[in-house]
Structure formats: structure tokens, C-alpha cells
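Undergrad: return atomic coordinates for the entry below.
(one chain, ligands or ions: 1)
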Amino acid sequence: MRSYASGPSARALTGQTIGEALAATAARLPDGLALVSRHQDVRLTWSELAAEVRDVARGLLAIDIEPGDRVGIWSPTRVEWTLLQFATARVGAILVNVNPAYRPAELAYALGQSGVRMLVTAPSFKTSDYVDMVASVRASLPALERVVVLGPDWDSLVDGGRSVGVTRLHEREAALDCDDPINIQYTSGTTGNPKGATLTHHNILNNAASIADVLGYSDADRVCIPVPLYHCFGMGIGNLGCVSSGATMVYPAESFAPDPTLDAIAEERCTSIYGVPTMFIAMLESPHFGDLDLTSLRTGIMAGAPCPVEVMKRVVNEMHAQEITIAYGMTETSPASTMTRRSDDLDRRTSTVGTVLPHVEVKIVDPTTGATVPTRSPGELCSRGYLVMRGYWENASATAEAVDAAGWMHTGDLAVMDEEGYVNIVGRAKDLVIRGGENIYPREIEEVLFQHPAVAAVQVIGVPDARMGEELMAWLTFREGDSATDDELREFCRERLAHFKVPRYWKTADEFPMTVTGKVQKFKMREVAIAELGLEEAAGIQTA
Ligand code: AMP
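TA: Here you go, the predicted structure:
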């Protein structure tokens, strides 16, 4: 039997745009609670949310934002993020999600590559002064006409829209199509530089609706969303999943921290919780964990990185999320391809990434021949259907490498499928490290370290870690007679890279393990590192 599965579907796909979906929910549940942003002390009903979105959309029309224009958002979790998400969708502009941890070079790359015309930015976040950083790169961004800082700038954007008649907005909306690109998310992709996965209304709305269905959402559900909005997990599965089902979006804090998340669950009586494995581990380890009443929890999703079986079991038993699920996917597939079902037995719900979602196909292929492998044999997971992105923004060659002529997205993830279609993720063919749910492409860090005057050669690998899943390790050789301390190298990286890309471990080596043809063998480096750093226990953790 071949490793191929197609997801049966009781529910039809929707041909709505995101604006239409929001309007339908606001009409159905005008007084239902749509959104709670706890750190901002904001609570909005669906009719209030829809009205605020309408006003931001009018503000965008007032400054002549055209269909297809790129509008960037650089902010941690805030209501304004979501208002802009829906407002851009209503006027047909493409929202470009910018990672809140970016440093100036990363910011300039994302804004420049996508040609962002207008950027909405928070004033600052943690130790990052966003306004300063934007100013430092603005000269290199000719397309960037306008920067709107959240606060008075944002208020004037909205005020400026008051003169725009609602009919103009409706005319604009009538011209939109659900297949229009509506969102660009930068991801490491399967190889190379960050690429802008370009997604349509149809892509992300349908994936979110499908997942909301699997979780059995209704307007009685309250979904705790501590995952970042810049990723599909937040703005897609989170925000759009609530819009399609009428469930409430609950934002615990600007960015993930265990205690505000636990407080949000307890005080808002959340029924569902989302997180990458690291977030669940941090919540379970919080000293306050035992003090809180989490009995309202029913379901949720763990995803984004390999999910440890033991952590899943603790979420079922100790967090009361009896119906917790695992989803597997990637930004390029909107994001989820497979998911466990609430009706699956406990073993399968904790030790597999489930089965293919409705309207989706998955297969597992031999990465060299492309042939579909028999069940229970490892190979590269591919997925196909409405969920596959339109392509990487202005990068046809990378798109052609990722999505083949038959429409299959080649994920770069190694997986096994059993006869009933349950999938296990067993490794990665792509050169990618996932630290606490953040994807890191080693070459980006290697290129930065190469710029250091003392460094002759560098290789960056991921090593196992019980909390973060993986941590980064850099192996270096120095130029003759030169050297640098770990602290100097760390500081050098900190100035140039988001904090999560700064290696934790450093090793000076005379040479790297190579094949006879001179190709560095990262898997060997990983074995050496596990032995030298004593990481055998973390390396042995069983995941879904
Ligand atoms: P992203 O594009 O940021 O969503 O990252 C996608 C990658 O995360 C996938 O290609 C996988 O390598 C990994 N990933 C996502 N979900 C899971 C999961 N449930 N188990 C294992 N790996 C996962």
C-alpha cells in the first residue's frame, strides 16, 4: 500500500473573502464577544470589531492604498494588528507580517523584498526601539512611502478615513476575489534565504475554518492565543479560526509568557489553548501552575515543532485539555496539512501528527526518485490542495523548487504514514533548525559570523534541547594567529540577528567532519556535539 491519503470532507470549501467572512459573523453574532486583549484592557463584540475594522479600512482608502499594495505590520500582539489584518483584507492590500524580533538588516530585507509601501509599527518592543530601527533602514527602501506608528499616527490614519464613504469601501470589496494574494509571511522555506510565502484569502480562511471544525468550535468557545500573530498559527488558525466559527479570540499578552497565559485561561474561562511545545512546557513548569483553575479547558493545538509525547500527556492530564490535538504544517501550506482528531485514541493523539485534513492530499515520497513510498517507509511529506501558497513573492525559481508541476508542495520534512493514514514526523531533509517554534536557517547565521574578522570558517547546527526542542551551536575555525571569545562572537551576532538566532553553544575546531567530496557532514557534527555536551537524554525524547 502506498503512503497517500486524501481528506474526506463533510463541509464544502468557502469561496468567501476574509472581509465577507468577518461580515457574516458580525451579522450572525453582533453582541457576541469577539476579542479580548488583556494587556490592553480591550474587549470587543463582533459588531464593535467589524466597525473598527471598517474605519481602519476607510483610513487606508483615504491614503490611496490600492489592491495588491503591500502593507507591513511590525508589532507584537495587539488589537491593532488584527484590525489591520482585516482592514487590509477588506481593501485588497497584501499584509506583510514582520517578525517582532527582527534586527534592522532582517527588517530591511523583508520590507525591501516585498516592496512595502506603508508600514504600521509599534513604537518599541522589549529592548527594541522600532522607530529608531525603521529610521536607520528607511533610506534603503524607496518603495516605503509612509510609516504609521501605533499611537497618535494610527489615530490620524483612522480619522483621515472618516471622510471616505462606506460605499467606496463596498465598491472596492466587490472587486476582490478569494484567490487574490492577501498576505506575505517570511519563512526560511526549505532552502536558502528567507522567502515571502504568498497566501490568498482562500488559502488561509479555508484552512482556519477546517481546523475550527475539527476542534468543534462554536460561539461558546474562547480561544487563548499566546502564539505570535505574525505567524499563521496566530493570525490564521487563531484569528481566522475564530472568525469562521464565532469563537472568541483571547490575547493574554504582547508576547508569550507562561503566567499571563495561564491567568488568561483561568480568568477568561478559555476552552482552547494554542502553543508550540516550548510554550506548553513553560506553562507546565510555572510555579503558579497548581494555583490556577484550568478546568474550563477542553481542547487546543500543539504544533510548530516536534511535539514530545510526554508533554502531550501532561497537557491532557494536568491542564484538563482532554481534547487537545496536534497539527502539522508549514507557512507555505496555510499552515496545517494533518491533524489529530478529538476522537482518536489517546495513544494516536499524543504520538502522531494525525491524519490529512479535509480537502487536502498528502503523500510521502522518496526524495531522490519522487516515487511514493510504501506505508511505514520514511520519505519526504508532500501536500496538495487549496492550502498550497500562490508562491514565494517574486521568486519563481524558489517556488518551482518547492511546488512541483502537479501542485505538490515538497515540505522538506521526513515522515512515515501507516495503513490508516496516521503520520509521524521523523526528521527533516531541509537544513532547518527549529528553536522553541522559531525556524532558523543555519546559513543566515553562518553568513553573519563569516563577516567577523577572526573567523576563517563556520558551521551552525541544531542540537537537541529538552525545553526548546533544539538549540543552536556554532563550530568555528579562526584565521592564523587570530581568535575571538564566545562572548565577543555572541555580541557580534546580537547586533545583527534576532535574539533567537544567536547560538547558545560555541566550539572551536581544527576542522569539520567532511565527506570525501568535501561536503560538511552536519549529522556527524551533531553526534559529536551530543556526546561532548552530554545531551543524550534530550536526544532521546520521543515526539509525534
Ligand atoms: P513554519 O513554516 O514556521 O510553520 O514551520 C514549518 C515547519 O515546522 C515544518 O516544515 C516542520 O519542520 C515543523 N513542524 C510544524 N509542525 C510540526 C509538528 N507537529 N511536528 C513536527 N514538526 C513540525
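
Undergrad: which phi and psi does residue 137 have?
TA: Phi and psi for residue 137, reported as degrees, to the nearest 10, are phi -110, psi -10.

Undergrad: now the terminal residues of stretch 23-41, how far apart.
TA: Start-to-end span of stretch 23-41 (Cα to Cα, to the nearest Å) is 24 Å.

Undergrad: what mean pLDDT would you report for that stretch?
TA: Taken as a whole, stretch 23-41 has a mean pLDDT of 98.

Undergrad: near the ligand, which residues of the chain?
TA: The chain comes close to the ligand at residues 187, 303-307, 326, 328-331, 335, 353, 411, 413, 425, 428, 434, 439, as judged by Cβ under 6 Å from any ligand atom. Bear in mind the C-beta positions are built from the backbone N, C-alpha and C, glycine included.

Undergrad: buried residues, the lengthiest helix in the chain. List them.
TA: The longest helix of the chain (DSSP state H) is helix 46-62. For helix 46-62, a neighbour-count test (16 or more other Cβ atoms under 10 Å) marks 46-50, 52-62 as buried.

Undergrad: now for the residues you listed: which two are most distant?
TA: Spanning the widest gap among these are 46 and 62, at 24.7 Å by Cβ to Cβ.

Undergrad: ends of stretch 499-516, how far apart?
TA: 36 Å.

Undergrad: other residues contacting it?
TA: 101, 435-436, 438, 440, 444-445, 457, 459-460, 463, 471-478, 483, 486, 489-490, 493-494, 520-521, 524-525, 528-529, 532-533 (Cβ atoms under 8 Å, 6 or more residues apart in numbering).

Undergrad: narrow those residues to those that are buried.
TA: Buried among those by 16+ other Cβ under 10 Å: 101, 435-436, 438, 440, 444-445, 457, 459-460, 463, 471-476, 478, 489, 493, 520, 525, 528-529, 533.

Undergrad: distance of the residue of the chain most remote from its centre from residue 492?
TA: What lies farthest from the middle of the chain is residue 481; by Cα atoms, centre = their mean that is 43.3 Å. Per Cβ to Cβ, to the nearest Å, residue 481 is found 19 Å from residue 492.

Undergrad: buried residues in stretch 76-85, which are they?
TA: Using 16+ other Cβ under 10 Å as the test for burial, stretch 76-85 gives 76-85.

Undergrad: just these now: which is nearest residue 373?
TA: Of all the buried residues of stretch 76-85, residue 373 sits closest to residue 85, with 39.1 Å by Cβ to Cβ.

Undergrad: residue 305: what's it in contact with?
TA: 276-278, 434, 436-437, 469-470.

Undergrad: so which of those residues are in strands?
TA: Mapping the contacts of residue 305 onto strands (DSSP state E) picks out 434, 469-470.

Undergrad: so which of those residues is the most crowded?
TA: residue 469 (26 neighbours; other Cβ atoms under 10 Å).

Undergrad: phi first, then psi, for the nearest residue to that one once chain neighbours are set aside.
TA: Among residues not flanking residue 469 along the chain, residue 305 sits closest, at 4.7 Å (Cβ to Cβ, 6 or more residues apart in numbering). When quoted as degrees, to the nearest 10, the phi and psi of residue 305 stand at phi -160, psi 170.
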